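Enquirer: Whatever this is, show me its structure:
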Amino acid sequence: MQEWLRVKSLNVLEWPSQIPDLNPIEHLLRDLKIAVQQHSPSNLTDLERICREEWEKLPKYRCAKLVASNPRRLEAVFAAKGASTRYRVKGLNTYVNVIFT
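Expert: Numbers count the residues shown, from 1 in each chain. Next comes the predicted model:
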């Protein structure tokens, strides 16, 4: 692949595969986490049911607002030169891995 890119004289930007600051789903998953914690599920079946119920309750305007913020997020990432921005959701990855694995 690298050779093909070189032959075609294509420049490739180095870019991480996942940038949480640019991923609105991180914020929706945080909202879901907060909602699920209020129920204190006692087993996996309850957890799955509550996750589905709470996901359905997430307001559509919240999704639209997060998507609309992408241009600002992108500007912030460029300005931070790859460092964290104010858009990063902290403390979510471990929780998501536990629930959805």
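
Enquirer: Model confidence for Asp21, exactly?
Expert: The predicted local confidence for Asp21 comes out at a pLDDT of 70.

Enquirer: same question but for Lys65, I mixed them up
Expert: The predicted local confidence for Lys65 comes out at a pLDDT of 90.

Enquirer: Mind telling me what element Leu28 is part of?
Expert: Take DSSP states H and E as the rule and Leu28 turns out to sit in helix 25-37.

Enquirer: now the helix or strand following that helix: how far from the chain's centre is it?
Expert: Counting by DSSP H and E, the element after helix 25-37 in chain order, helix or strand, is helix 44-57. Centre-to-centre, helix 44-57 and its host chain are 19 Å apart (Cα atoms, centre = their mean, to the nearest Å).

Enquirer: And helix 44-57, what's buried?
Expert: Of the residues in helix 44-57, 47, 50-51, 54 count as buried by neighbour count, 16 or more other Cβ atoms under 10 Å. Using the backbone N, CA and C atoms, a C-beta is placed for each residue, glycine as well.

Enquirer: ok, which pair from these is furthest apart?
Expert: The two members of the buried residues of helix 44-57 with the most space between them (Cβ to Cβ) are Leu47 and Glu54, at 10.6 Å.
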